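Asker: Build me a model:
(one chain, ligands or ions: 1)
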Amino acid sequence: MKRALVCGAGGFICGHLVKKLKSEGYWVRGVDIKCHEFTELPADEFMLLDLREKEQCDQALAIEGGKFDEVYQLAADMGGMGFISFAECEIMRNNVLINVNMTHAAAQAGIERYFYSSSVCVYRDMERDEPPLTEENAVPAQPDNEYGWEKLYSERVGLAYARQFGMKVRIARFQNCYGPEGTWIGGREKAPAAICRKVAETDAGGKIDVWGDGSAIRAFTYVDDLVDGIYRLTQSDIEHPANIGSEEHVTVTQLAETVIKVSGKDLGIEYIDGPVGVHSRNFTKDRIHQTGWKASISLDEGIRRTYPWVDEQVRNAASC
Ligand code: NAD
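Answerer: Here you go, the predicted structure:
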């Protein structure tokens, strides 16, 4: 039985990744600085550890009878645009510490396959209708925020350790991911969860707030598609970063309209000032397509799976 270490297992994407690895027959240890808030994690073992500390990275990797076959490193201090735009120092410090220490500890432990979760935030801002950027177009670099700069640096840490230690490092640049069992309130939630919450909280005939003018373009990737891409990339021979994301590009207004439609409520949209991020996103997926991966869940279907979960959280919170 293969053994996998999942770093960030108390978080949204890793909660789903642990389920995926269990379904593939792995023995799984999850580690995080906190427990998962929304799901009973099916990991075989779970350890509360602060991966900013090298000794705690070593503890995460220590296992009887040898070493882990695969390490999935997704732990990060992160959130949506609201969080990213004000917590610059926390993001730069905490995430560099996690990635430098965890990559080094994994290489020292002789780990063969190491996955790292980067982001399309490594790319510059784009114009609407601009041709897609390839992975190589991340340099010369001009990320829109410090979160993107940290991801770019940590990618390079991974690539350096791959060269020097022969560790098979696999790097994915995720587009916006959404789905059930992720942060939906508190300031760290991302746009799909925030919009689902606002719709769930608003009575028919009312209006929901949307930051900016709603024209920013994104491709939202459903979490089941993303974890399938993570798994395929980790097993592959692809040595350079690969974009993973949906091909369905929509405006933030279209995202909000989709959620409103799925809710069945008659609601309006009010545009207000708030951090918006880049104007547009569009990337080639040729590299990840080499693994046979393709996004399979439309935004409409993904929101149909996500909205009822957020709605239930809102109703449970209201009844407390
Ligand atoms: P998340 O916040 O739900 O999960 C991250 C987890 O890391 C959290 O549970 C958090 O407690 C944990 N963590 C933070 N600091 C830690 C520490 N010092 N030690 C141990 N654990 C720590 O976020 P997510 O959406 O699941 O994202 C997972 C990864 O994917 C992150 O690296 C993120 O940057 C990347 N990513 C996510 C998206 C997205 O749309 N969600 C897009 C691009 C990249």
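
Asker: Give me the domain ranges for this protein.
Answerer: In the domain annotation for the chain, the residue ranges read 3-177+220-244, 182-219+248-281+297-312 (automatic domain parsing).

Asker: Redo those as CSV? Include mean pLDDT, distance to residue 290 and mean neighbour count.
Answerer: Glycine gets a C-beta too; all of them are placed from N, C-alpha and C. Listed next are the domains of the chain as CSV, based on pLDDT from 0 to 100; distance: least, Cβ to Cβ, whole Å; neighbours: other Cβ atoms under 10 Å:
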stretch, mean pLDDT, distance to residue 290, mean neighbour count
domain 3-177+220-244, 97, 7, 19
domain 182-219+248-281+297-312, 96, 19, 18
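
Asker: how about these, which one is nearest the ligand?
Answerer: For the ligand, the closest of the domains of the chain is domain 3-177+220-244, at 2.1 Å, according to Cβ to the nearest ligand atom.

Asker: what's the spacing between that closest one and its chain's center?
Answerer: Relative to its chain's centre, domain 3-177+220-244 lies at 8 Å (Cα atoms, centre = their mean, to the nearest Å).

Asker: Any part of that domain near the ligand?
Answerer: Yes: for domain 3-177+220-244 and the ligand, the contact criterion (Cβ under 6 Å from any ligand atom) is met by 8, 10-14, 32-34, 50-52, 74-78, 94, 98, 117, 119, 174, 176-177.

Asker: Switch the domains of the chain over to CSV; also include distance to residue 287.
Answerer: Formatted as CSV, those follow (distance: least, Cβ to Cβ, whole Å):
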stretch, distance to residue 287
domain 3-177+220-244, 4
domain 182-219+248-281+297-312, 16
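
Asker: could you pull out the helices for this protein?
Answerer: 12-23, 54-61, 81-86, 88-108, 146-165, 191-201, 223-235, 252-263, 286-289, 299-319 (DSSP state H).

Asker: So for residue 273, which of the ones you listed sits nearest?
Answerer: Nearest to residue 273 among these is helix 81-86 (12.1 Å), distances taken as Cβ to Cβ.

Asker: Name the surrounding residues that touch that closest one.
Answerer: In this structure, residues lying in contact with helix 81-86 by Cβ atoms under 8 Å, 6 or more residues apart in numbering are 78, 91, 121, 145-147, 187-188, 190-191, 211, 274-277.

Asker: Repeat the analysis, applying 10 Å as the threshold.
Answerer: With contact meaning Cβ atoms under 10 Å, 6 or more residues apart in numbering, helix 81-86 is reached by 77-79, 90-91, 121, 144-148, 183, 186-191, 194, 211-212, 216, 274-278.

Asker: got the CA coordinates for that helix in CSV?
Answerer: Output of helix 81-86 as CSV, limited to C-alpha atoms (Å, rounded to 0.1, in the frame of the first residue of the first chain):
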residue,chain,number,x,y,z
MET,A,81,-8.9,38.8,-2.4
GLY,A,82,-10.0,40.5,0.8
PHE,A,83,-7.4,38.5,2.8
ILE,A,84,-4.6,38.6,0.1
SER,A,85,-4.8,42.4,-0.2
PHE,A,86,-4.3,43.2,3.5
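
Asker: so residue 51 touches residue 71, yeah?
Answerer: No: at 11.2 Å, residue 51 does not count as touching residue 71 under the criterion of Cβ atoms under 10 Å.

Asker: Find the residues that touch each one of these two.
Answerer: Jointly contacting residue 51 and residue 71 under the rule Cβ under 10 Å, 6+ apart are 7, 57, 60, 102, 105.

Asker: Next up, the contacts around the closest residue to the last one other than its chain neighbours.
Answerer: Spelled out, it's residue 105. Excluding the flanking residues, the one nearest residue 105 by Cβ to Cβ, 6 or more residues apart in numbering is residue 57, at 3.8 Å. Contact analysis of residue 57 by Cβ under 10 Å, 6+ apart lists 7, 31, 49-51, 71, 73, 75, 97-98, 100-106, 108-109.

Asker: mind running it again at 8 Å?
Answerer: Contact partners of residue 57, counting by Cβ under 8 Å, 6+ apart, are 49, 51, 101-102, 104-106.

Asker: okay, these in CSV with distance to residue 221 next?
Answerer: Shown next, in CSV, are the contacts of residue 57 (distance: Cβ to Cβ, whole Å):
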residue, distance to residue 221
49, 28
51, 25
101, 28
102, 24
104, 30
105, 29
106, 26
